[in-house]
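S.K.: starting from these lines, generate the structure:
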Amino acid sequence: PPYIKSNHSNSHSNRYQSIFAAEPGAVAAPTASLHFSEETFTQLREKQIEIIYITLHIGLGTFNPIISNNIIEHKMHKESYKISKESAKKLNFAKAKNHPIIAIGTTSARCLESNYKNNLFHEENGATSLFIYPGYQFKAINGLLTNFHLPKSSLFILICSLIGIKTTKKIYNHAINKQYRFFSYGDAMLIT
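M.R.: Residues are numbered from 1 along each chain as shown. Presented below is the predicted three-dimensional model:
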């Protein structure tokens with residue numbers, strides 16, 4: 001991200017990497033994934049929480065602020081994703097059984113929402129430029145784990161779409177008052 005400054009190009013290579021990164025192609029880490037460790041995954045599995053993987057290629061557009069006076073005029077960046085046949089099958093099983101699907105990060109949410117068509121997830125090498133803003137009706141996900149994002153960002157607007165502007169402002173005021181960290185290495189919130 002443009003706000004991570006360093007004189008050494010690899011100084012963040014260990015810290016700024018998801019433990020489940022597998023395929024090159026992203027220009028930035030999906031930062032919500034930075035909150036997970038092997039220990040966390042073990043604890044989730046012990047609680048019988050299934051982890052379903054999709055491939056995300058985060059683009060630089062993720063960091064573009066909204067500059068339009070009317071957010072509806074904002075043009076969203078395109079990010080590519082891949083949902084395997086196995087992952088689509090697992091996601092469809094979860095939906096059929098009414099198991100909650102919690103996206104890890106706003107890009108995951110956008111990819112899952114873009115992929116979910118005719119009440120099904122599909123195997124796909126796709127791309128999304130879906131801009132989720134208030135009024136959007138979520139179809140694919142039931143919740144979101146994400147970082148605290150900056151105002152005037154499409155990421156912040158997505159959170160407002162999920163829980164409402166008033167609730168989002170209340171949460172962010174709490175985060176500011178308690179000095180939570182924002183940006184890529186920041187704190188996270190679970191929205192259900």
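S.K.: lowest mean pLDDT among the helices and strands, pick that one out for this protein.
M.R.: Across the helices and strands of the chain, mean confidence by mean pLDDT, DSSP states H and E is lowest for strand 55-57: a mean of 87.
S.K.: for it, packing partners?
M.R.: Using 3 or more C-beta pairs under 8 Å, 6 or more residues apart in numbering; DSSP states H and E as the contact criterion, the neighbours of strand 55-57 among helices and strands are strand 79-83, helix 106-115. No exception for glycine: its C-beta is placed from N, CA and C like everyone else's.
S.K.: how far does the first one sit from its chain's centre?
M.R.: Per C-alpha atoms, centre = their mean, to the nearest Å, the displacement of strand 79-83 from the mean C-alpha position of its chain is 12 Å.
S.K.: could you pull out the strands for this structure?
M.R.: Assigned strands in the chain, in chain order: 55-57, 79-83, 102-104, 124-128, 143-147, 188-191 (criterion: DSSP state E).
S.K.: list the contacts of the second one.
M.R.: Judged by C-beta atoms under 8 Å, 6 or more residues apart in numbering, the contacts made with strand 79-83 from elsewhere in the structure are 23, 25, 54-59, 61-62, 91, 107, 110-111, 114-115, 121-129.
S.K.: could you check the angle it makes with helix 106-115?
M.R.: Taking axes from the mean of the first three to the mean of the last three C-alpha atoms, to 10 degrees, one finds strand 79-83 and helix 106-115 inclined to each other by 70 degrees.
S.K.: paired strands for strand 79-83, with orientation please.
M.R.: When pairing is defined by DSSP bridges, strand 79-83 lines up against strand 55-57 (antiparallel), strand 124-128 (antiparallel).
S.K.: again, but for the third one
M.R.: Applying DSSP bridges, strand 102-104 is found paired with strand 143-147 (parallel).
S.K.: what is the rounded mean pLDDT of the strand it pairs with?
M.R.: Computed over strand 143-147, the mean pLDDT rounds to 92.
S.K.: in that strand, what's buried?
M.R.: Of all the residues in strand 143-147, those buried under the rule 16 or more other C-beta atoms under 10 Å are 143-147.
S.K.: Throw the helices and strands packed on strand 55-57 into JSON lines and include distance to residue 170 and mean neighbour count, thanks.
M.R.: Shown next, in JSON lines, are those (distance: least, C-beta to C-beta, whole Å; neighbours: other C-beta atoms under 10 Å):
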{"stretch": "strand 79-83", "distance to residue 170": "29", "mean neighbour count": "20"}
{"stretch": "helix 106-115", "distance to residue 170": "19", "mean neighbour count": "24"}
